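Peer 1: structure for the following, please:
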Amino acid sequence: SANAKSGLAVGDVILSIDGKKISDARAMAQGFGNDRKAGDKVKVEIQRGEDKKEFTLVLEATSMAMQGRGGGTTSRPYGAQLAGQRENVQNTQGAEGFQTGGVYKSTDAGVTWTRVNSMNPRPMYFSVVRVDPTDDQKLYVLGVTMSASTDGGKTFKSYGNNGVHADQHDLWINPKDPRHMIVGSDGGFYVTYDRMAHWEHVATLPLGQFYHVGLDNRLPYNVYGGLQDNGSWGGPSRTLRGTGPVNEDWIVVNGGDGFVSRADPVDPDWVFAESQDGNVMRRNLKTGEGGMIRYRPRANEPTARYNWNTPYILSAFNPKIIYVGGDRVFRSVAQGTNLRPISPELTKSKRGTLTALAESPKNAEVLWAGSDDGALWVTRDGGAKWENVYDKLGAPAGRWVATIEAGRTVEGRAYVALDAHRSNDDKPYVFVTEDFGKTWKNIGSTLPQFGSTRCLREDPINPNLLLCGTEFAAFASIDRGAHWTKINNNLPTVAVHEFAIHPTQGEVVAATHGRSLWIMDITPLRQMKTESLTAPATLYAPNTAVRAGTEPARGAPYGGGQKKYYGENPPAGAGIYYSLTKPAEKVTLKVVDFEGKTIRELPAKKEAGLHKVQWDLTRPSLRTAFGLQAGTELPEEAMRRPGGLFGSAVPAGSYRVVLIVDGVESSQPLKIESDPNSTSPSIALDEEE
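Peer 2: Numbering: from 1, shown residues only. Take a look at the predicted model:
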C-alpha cells in the first residue's frame, strides 16, 4: 500500500509537512496538494506513540491530494469536489484514476462495472445517481448543485440549483412524465414540471432538522433553534390570532449550519446562535448590535479546535458570563468578549473536541465538560483544577458525550447521556452521579436497548421528572430514571436531539431532527408521583391560565388555499388534567369561584387513563336560550353549555377546580391572569350583567 511504501503506519499523527504545522485535515490536504506534482519530495513529521519521526515521501500521481489535477480539481476535504471526483476529468487521471470513484455503469445486472465519468461529489454525503426511466442517456447526479448528462454519462453539466436549496439527497422522476421530478434537499422538497427549468418549493410540510432549541421569557415565549444547513431561526411558540404560526413569523438570526441557540433570560432581546466549527455570535434584536464570540489566542498561545456542533452556555448566575467548549473550556465575563481558557486541553486525542458543557445551578464554581472521544471532566473551583471521571461511568471507552445536565437541587448531582452511534453502537447510555462523578448509576437499563441517546434533561420544577430524547422517540421518567415511559403519542418516530423546558409556562419544546419543533404541556407530568399511578383518581393543579390579547393577522387570512402552512396554537383557556386508574361509575368536573358557587360544569370521561379537559374561561350567558334574568340560578343543563358567542368571559382571579369521582371529591386552585402586555379588553360582559 501507499502507507507501506512511505513508512507511515496506521495511528501515526502527522505533525508537520515541510516544516509547516498541521492542525486539521484541510491543512494536511493543502500540504500534500498545493502546486505539487508526481515525483515531488515532501518531508513529513509524525507522532507515533511516545516517539516523533520524520520521513521523506515521494508523491505519486495517484496520491489522494493529486487525483484529477488535470481537471483543475481542488483539494478541499469538505468541498463539493473532493479529490478527483469532479465531473469530466476521467481521461486525465491516469490508469489508476478509477480508484478515485465516479459514475459507473453495468450492462450485466451488476456483475461487471465500467466507469463512465469521474463525477461523484462528496461521496460520503451524496452518491446519488438517477436515470430517466424513459431515456437511459439522461442521468442526474445530486450534490451541492444539481448536474445532468444527456449522453449516457460521458459528460455532465452543472445546472445550478435555480432556487433549490443546496445539498440534494434524493430525486424521484415520474416514470410517466420524466419532466416531472421531486428532489429532497437540506431545504425540504422541491417539484419541477419542466425538467429543472423551474422549481416549486413545497413549504407546506412540518419539516426541519433541528439540532437544538432554546427559549426566552417573553409572553408568549419565543423559541430559537439551529438547523442543518439552514442557519438559526427564532419564532413564536404560539400566536395571538386565530391561526397558528406561519413561516413569515420566523426570523433568521444567523447563517451557516445552525446548532446551539440561546436567549438571555434577563434581557430577551439578546439572542445567541452559532454556525459550524465554533463560530458563536450574539445579536440584539432591538438595536441590531452584536458580535462574534471566539477565542483569539495571544502571542505564543495555541489555536483552538472546535466541534462541528460546538457547546456553549450562559451562566445561570449571570448571563453575561459565557462558557464555550473547544479543545478547552473558554470563559468570558462580558457576553463573549475576550474569551480566555479556564482549563487545560480536555480531550483524549489531538483531534478530539468538547461536545457538552454544564454549570451547576447550585454552585457557579462547579462546571462539567464532555468530549467526542470519551472524556468527562468536572471542576469544583471554577476551572482551577479538573478531574476526568469518564472511566468511572462503566461505559465503553471513547463514546461521544451528548449532554450533561447538572442537578438543580443537589450540588453533586449530574446526568450524562452518551450518543454512541458513531462507534457502531446504538445502545442508550444515561447515567447519574450524586457525588461529583466519583460513583455513577446506570439509569438507562429500562430504556429500549436500541436507538442512541441524544439528550437528557431534568425538569426545573420537579427534579424527579426527567426527559430523554433518543434516535427514535422521547421518554419520560417520574422517578429519576428508575423507570421510563415512551411519551411520543402524536409525535412522529423521529430523532429528538434536545429539550427546552419552560420554567413557568408548564411546557417543553422538543427539537427533532427531521420533523421540526414540537411543544407539549407537562403540567401533569410535573405532579405525577408513584401514588398517582395507584390512587383511584388524581386531580392535578392546573397551570396559571393567561387570557391573552389579540394581534393582527399576517399573510393572507382569507382564501389562502391548501399551500399555506400554519403551525398549531394550543387551545385557549385552562387545561385541566385528572387521571383514573380504573373506570368510574360517575365523574363530575366543575369550576367554582371564591364563594364556592359553580361557574362552569365541564364534560368528564369515566375511562381509566390520563384525561385533559379544556376550559375556555367563560361561563354560560344569562340571556341564552333559557331566557333567565340576572341573579337567577341556572339549571344544570345551562351550566354545561359552552361559552363562545353565547357566554361571557370570567374575570381574572382565583378559582377552584373540583373533581368528584364516585362520590369522592378533590379540588385544586386555578389562577387566571390577564396578559400584562395586552391593551385589548380582557372581559366582554353580557348587557344584563
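Peer 1: can you give me the strands for the stretch 301-450 of the chain?
Peer 2: Assigned by DSSP state E, counting those that start in this stretch, the stretch 301-450 of the chain shows strands spanning 312-314, 322-325, 329-332, 340-341, 354-359, 367-371, 376-379, 386-388, 400-406, 414-419, 429-433, 441-442.
Peer 1: just for the stretch 501-650 of the chain, where's the confidence low?
Peer 2: Within the stretch 501-650 of the chain, the stretches with pLDDT under 70 are 557, 621-647.
Peer 1: pLDDT score for the residue nearest to the spatial centre of the chain?
Peer 2: Geometric centre of the chain, nearest residue: Tyr211, 2.6 Å, by C-alpha atoms, centre = their mean. Looking at Tyr211, its pLDDT is 97.
Peer 1: host element of it?
Peer 2: strand 208-215 (DSSP states H and E).
Peer 1: in a strand, Arg115, correct?
Peer 2: Yes - checked against DSSP: H, G, I helix; E, B strand; the rest coil, Arg115 lies within a strand.
Peer 1: ok, now which ones touch it?
Peer 2: By C-beta atoms under 8 Å, 6 or more residues apart in numbering, Arg115 lies in contact with Gln90, Phe98, Gly102, Val103, Tyr104, Lys105. Using the backbone N, CA and C atoms, a C-beta is placed for each residue, glycine as well.
Peer 1: mind listing which of the residues you listed are in strands?
Peer 2: Val103, Tyr104, Lys105 (DSSP state E).
Peer 1: Thr310: which of these is nearest?
Peer 2: Nearest to Thr310 among the ones in strands among the contacts of Arg115 is Val103, at 36.1 Å by C-beta to C-beta.
Peer 1: what about the closest one, neighbour count?
Peer 2: Neighbourhood size, Val103 [other C-beta atoms under 10 Å]: 23.
Peer 1: please name the bridge partners of it.
Peer 2: Beta-bridge partners recorded for Val103 (DSSP bridges): Asn117.
Peer 1: against Ala166, how distant is it?
Peer 2: Remark: distance between Val103 and Ala166 (C-beta to C-beta, to the nearest Å) = 20 Å.
Peer 1: again, but for Gly214
Peer 2: For Gly214, the distance to Ala166 - C-beta to C-beta - is 26 Å.
Peer 1: out of those two, which sits in the busier spot?
Peer 2: Under the neighbour definition other C-beta under 10 Å, Gly214 and Ala166 were set side by side, and Gly214 has more, 24 against 14.
Peer 1: all helices for this protein, in order.
Peer 2: 2-6, 25-33, 523-527, 636-639 (DSSP state H).
Peer 1: buried subset of the contacts of Arg115?
Peer 2: Among these, those buried by neighbour count (16 or more other C-beta atoms under 10 Å) are Gln90, Gly102, Val103, Tyr104, Lys105.
Peer 1: okay, those in JSON lines with distance to Trp484 next?
Peer 2: Converted to JSON lines, those look like this (distance: C-beta to C-beta, whole Å):
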{"residue": "Gln90", "distance to Trp484": "53"}
{"residue": "Gly102", "distance to Trp484": "47"}
{"residue": "Val103", "distance to Trp484": "47"}
{"residue": "Tyr104", "distance to Trp484": "46"}
{"residue": "Lys105", "distance to Trp484": "50"}
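Peer 1: residues touching Ile660, list them.
Peer 2: Ile660 touches Lys586, Val587, Thr588, Leu589, counting by C-beta under 8 Å, 6+ apart.
Peer 1: again, only this time at 10 Å
Peer 2: By C-beta atoms under 10 Å, 6 or more residues apart in numbering, the residues touching Ile660 are Ala537, Leu539, Ala584, Lys586, Val587, Thr588, Leu589, Lys590, Ala604, Ser666, Ser667.
Peer 1: list only buried entries from those.
Peer 2: Among those, the ones that count as buried by 16+ other C-beta under 10 Å are Ala537, Leu539, Ala584, Val587, Leu589, Lys590, Ala604.
Peer 1: hmm, which two among those are most spread apart?
Peer 2: Across the buried ones among the contacts of Ile660, the longest distance by C-beta to C-beta is 15.6 Å; it joins Ala584 and Lys590.
Peer 1: mind putting the strands of the stretch 301-450 of the chain into TSV with distance to Arg600, mean neighbour count and mean pLDDT?
Peer 2: Formatted as TSV, the strands of the stretch 301-450 of the chain follow (distance: least, C-beta to C-beta, whole Å; neighbours: other C-beta atoms under 10 Å; pLDDT from 0 to 100):
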stretch	distance to Arg600	mean neighbour count	mean pLDDT
strand 312-314	42	22	98
strand 322-325	48	24	98
strand 329-332	53	22	98
strand 340-341	59	16	98
strand 354-359	45	24	98
strand 367-371	48	27	98
strand 376-379	52	24	98
strand 386-388	58	17	98
strand 400-406	40	24	98
strand 414-419	42	26	98
strand 429-433	43	24	98
strand 441-442	47	16	98
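Peer 1: same list (those) but as TSV, adding distance to Lys52.
Peer 2: Shown next, in TSV, are the strands of the stretch 301-450 of the chain (distance: least, C-beta to C-beta, whole Å):
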stretch	distance to Lys52
strand 312-314	34
strand 322-325	29
strand 329-332	28
strand 340-341	25
strand 354-359	26
strand 367-371	24
strand 376-379	27
strand 386-388	25
strand 400-406	29
strand 414-419	33
strand 429-433	36
strand 441-442	41
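Peer 1: for these, which one sits closest to Glu595?
Peer 2: strand 400-406 (45.1 Å).
Peer 1: which other helices and strands contact the closest one?
Peer 2: Applying 3 or more C-beta pairs under 10 Å, 6 or more residues apart in numbering; DSSP states H and E, one finds that strand 400-406 makes contact with strand 354-359, strand 367-371, strand 376-379, strand 414-419, strand 429-433, strand 453-458, strand 466-470, strand 496-501.
Peer 1: what pairs with the fifth one, parallel or antiparallel?
Peer 2: It stands for strand 429-433. Strand 429-433 has the following sheet partners, assigned by DSSP bridges: strand 414-419 (antiparallel), strand 441-442 (antiparallel).
Peer 1: cool, the last one as well?
Peer 2: Within its sheet, and counting by DSSP bridges, strand 496-501 is paired with strand 507-514 (antiparallel).
Peer 1: report the inter-axis angle for the strand it pairs with versus strand 453-458.
Peer 2: Going by axes from the mean of the first three to the mean of the last three C-alpha atoms, to 10 degrees, strand 507-514 is angled at 170 degrees with respect to strand 453-458.
Peer 1: perfect, I'm done here.
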